[in-house]
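K.L.:
can't give you the sequence, but here's the structure:
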């Protein structure tokens, strides 16, 4: 296999045309095999194979800096920079990260998984190098997807790049899967471009895609028009970026290495910022990904490479529990409208769109816009539910605080992937939402512990709460509940006299198991399911204030989180002289690496054994 002999980008530059085809085939096979074993980002990497090969032929990494927006399209980059042999450890404990990681390679620069950031990184790096002698400056290449151009930060960066004539190459990897609206009228070049065979091929493919997937049209009509005119609008894109001062080159066939080599050679000769528009097909070369109607197997769990189907049956997930509950509420309450930032499937909104196609809004990768739009919807009498991954909520905190909170608008935030999420690493853990939600003074903060609680608390959030409200739930299998609380009340799950354990959300199950373990050692632990972190149930606060010891457990940053909020409430209730000690368990102030969620939670002492050990030690220390 030719890929086995690629240890450095220089090895790629030494290959002839036939060998490049062989290398592309080897890379695709390795990507499919690796992701099939452990899950990960498939479609985006398959679509970027030839593009990445050409980038490493045309630029001299690491002397030239390759900046990958989001980083989930960097598997091929990792293979071409000497890490093929590590792919059997991809996204595993102590293994290869799913995103670029500086400790892995000098070829990696940006580590986070958030979109629309690479252009700002590129601007800062290139501007910073103006202070260096010309011979010491490094080339700067930012690879962004068309989806990144639905995020406002990308346009802010383009404005500065063009204004300051910052020297860099911007590669727009346009796979037609996340789209911005048309940015200007089409120029006279459109008619000439429509005669180009490449345009007719891509336009036919787009039309065929649209005909097969009417749901996408219902979800994002404007974005769909972007797909149908992806190539026809190239002159409009050229007019837009050149109006900002950025030279445009393209479109270029992103699966033709020779064509891209020539384009990048031209770009390098230009003294200033230039955007190379590359057309690729997400999932290229793997039929299950090419035909996946929603996201071309953008990300996936382990699967059978022969069929693309998941290899293991899944328990009902937290997302599914939320999706079912919201679907039922939408049937009953016509004012509900759901919003997503380019993730209708991943956040469980597709079933709602099937039943209520006019009540799901996809704003693209624009979390800030989604939140302020939700404030406007609430003002107009709707009940907006913003379904967003917890790790992406910090991007829109200012809008949640000042547009939603300050105006006391009834917006429901549904934070998916809250807590330690596992294989995608530090930027994908949802550890900030509790602390941030508690910084918004009038936000009701809910934390369901089971599928029944998801439904109950979501209904409460929609029907009974005024002002902003958040509801957080984890990734993976959702516990099946047999009891459910009422309204915003906490629920006493287990009685005990030696210690009160206050469990937040998905930590209820481990807390109950820990209490049983402690009972064997003669420690009688009460366990409360907090359900509503703010406002706290007065009965919970009173019971905790009367206990000899209180232990809070949460799946999020412990500093400024739910435990701190509970401790303050106990102190206010009991007074300084009478308040019991409060031990707060949660995620420490650290960037937690990737790995299996169970192992990471165990390492953090947030599984049943860790909770039992911490409580046992605290009881002993107090004796």
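P.N.:
The structure has been received and is ready for your questions. No experiment lies behind these values; they were computed from the predicted model shown.
K.L.:
what's the local residue count around the residue lying closest to residue 440 once chain neighbours are set aside?
P.N.:
Excluding its sequence neighbours, the residue lying closest to residue 440 (CB to CB, 6 or more residues apart in numbering) is residue 405, at 4.2 Å. From N, CA and C alone the C-beta is placed, and that goes for glycine too. For residue 405, the neighbour count with other CB atoms under 10 Å is 21.
K.L.:
residues in contact with residue 405?
P.N.:
Going by CB atoms under 8 Å, 6 or more residues apart in numbering, residue 405 touches 440-443, 467-468.
K.L.:
pull out the buried positions in stretch 477-485.
P.N.:
Going by neighbour count (16 or more other CB atoms under 10 Å), the buried part of stretch 477-485 is 478-479, 481, 484-485.
K.L.:
what helix or strand does the closest residue to residue 119 other than its chain neighbours sit in?
P.N.:
Leaving out its chain neighbours, the residue that sits closest to residue 119 by CB to CB, 6+ apart is residue 157, at 3.5 Å. Under the criterion of DSSP states H and E, residue 157 resides in helix 152-164.
K.L.:
and residue 533, by the same measure?
P.N.:
Going by DSSP H and E, residue 533 is part of strand 532-534.
K.L.:
what packs against the helix or strand just after that strand?
P.N.:
The C-terminal neighbour of strand 532-534 among helices and strands, as given by DSSP H and E, is helix 538-545. In terms of contacts (3 or more CB pairs under 8 Å, 6 or more residues apart in numbering; DSSP states H and E), helix 538-545 is packed against strand 499-503, strand 525-529, helix 562-574.
K.L.:
helix or strand right after helix 538-545?
P.N.:
Taking DSSP H and E, what comes next after helix 538-545 is strand 550-557.
K.L.:
what's around residue 421, how many residues?
P.N.:
24.
K.L.:
go ahead and report the secondary structure state at it.
P.N.:
coil (DSSP: H, G, I helix; E, B strand; the rest coil).
K.L.:
tell me who's in contact with it.
P.N.:
391, 428-430, 474-475, 597.
K.L.:
state the distance from the residue nearest to it when sequence neighbours are not counted to residue 363.
P.N.:
Of all residues not flanking residue 421 in the chain, residue 475 sits nearest, at 4.8 Å (CB to CB, 6+ apart). Per CB to CB, to the nearest Å, residue 475 is found 23 Å from residue 363.
K.L.:
so where's the stretch 401-550 of the chain uncertain?
P.N.:
Along the stretch 401-550 of the chain, no part satisfies pLDDT under 70.
K.L.:
where do the helices sit along it?
P.N.:
Applying DSSP state H, counting those that start in this stretch to the stretch 401-550 of the chain gives helices spanning 433-437, 451-463, 508-520, 538-545.
K.L.:
list of residues touching the shortest one?
P.N.:
If I follow you right, that is helix 433-437. 390, 393-394, 397, 400, 413, 415, 418, 443, 445, 447, 470, 472, 504, 533-534, 554, 556-557, 559-562.
K.L.:
before we move on, what about the third one?
P.N.:
Identification of contacts with helix 508-520 by CB under 8 Å, 6+ apart yields 449-450, 479, 493-494, 496, 499, 501, 503, 524-527, 529, 553, 601, 606-609, 611-612, 615-616.
K.L.:
is it true that residue 459 touches residue 326?
P.N.:
No. Counting by CB atoms under 8 Å, residue 459 sits too far from residue 326 to count as a contact (9.8 Å).
K.L.:
what is in contact with the two at once?
P.N.:
Common neighbours of residue 459 and residue 326 (CB under 8 Å, 6+ apart) do not exist.
K.L.:
comparing these two, which residue is more hemmed in?
P.N.:
residue 326 (26 against 17).
K.L.:
and the gap between the nearest residue to residue 463 once chain neighbours are set aside and residue 451?
P.N.:
Excluding the flanking residues, the one nearest residue 463 by CB to CB, 6+ apart is residue 333, at 7.7 Å. Distance check for residue 333 against residue 451: by CB to CB, it reads 20 Å.
K.L.:
one more: residue 369?
P.N.:
With CB to CB as the criterion, residue 369 and residue 451 are 31 Å apart.
K.L.:
neighbour count: these two, which is higher?
P.N.:
residue 451 (23 against 18).
K.L.:
quick check: the more buried one vs residue 488, distance?
P.N.:
19 Å.
K.L.:
ok now stretch 580-589, how far from the chain's centre?
P.N.:
27 Å (CA atoms, centre = their mean, to the nearest Å).
K.L.:
need the contact partners of that stretch.
P.N.:
419-420, 429, 431, 544-559, 561-564, 566-567, 570, 574, 604-606, 610-611, 614-615, 618, 622.
K.L.:
longest helix anywhere in this structure?
P.N.:
As assigned by DSSP state H, the longest helix anywhere in the chain is helix 17-38.
K.L.:
what comes up buried for it?
P.N.:
20, 23-24, 26-28, 30-32, 34-38.
K.L.:
and if you look at stretch 55-71?
P.N.:
55-59, 61, 64-71.
K.L.:
go through the residues you listed and flag which are in strands.
P.N.:
The strands, defined by DSSP state E, take in 65-68 from these.
K.L.:
what is the nearest of these to residue 308?
P.N.:
Ranked by distance to residue 308 (CB to CB), these are led by residue 68 at 24.8 Å.
K.L.:
for that closest one, which non-adjacent residue is spatially closest?
P.N.:
residue 74 (4.7 Å).
K.L.:
tell me the contacts of that neighbour?
P.N.:
45, 68, 99-100, 108 are the contacts of residue 74 under CB under 8 Å, 6+ apart.
K.L.:
now it: how far from residue 235?
P.N.:
30 Å.
K.L.:
what's the answer for residue 424, then?
P.N.:
Taken as CB to CB, the span from residue 424 to residue 235 is 37 Å.
K.L.:
and the two? Which one has more around it.
P.N.:
Ranked by neighbour count (other CB under 10 Å), residue 424 and residue 235 place residue 424 first, with 23 against 20.
K.L.:
how about that one, what does it touch?
P.N.:
By CB under 8 Å, 6+ apart, the residues touching residue 424 are 91, 98-99, 113, 594.
K.L.:
can you select the buried ones among those for me in ChimeraX?
P.N.:
Of the contacts of residue 424, the buried ones go into a single ChimeraX selection, burial set by 16+ other CB under 10 Å:
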select :91,98,99,113,594
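K.L.:
next step: the contacts of residue 424 restricted to helices.
P.N.:
Short answer: these have none in helices (DSSP H).
K.L.:
between all of the contacts of residue 424, which two are separated the most?
P.N.:
So, the contacts of residue 424 by CB to CB: farthest apart are 91 and 113, at 12.2 Å.
K.L.:
can you tell me the closest non-neighbouring residue to residue 410?
P.N.:
According to CB to CB, 6+ apart, the nearest residue to residue 410 is residue 378 (5.1 Å).
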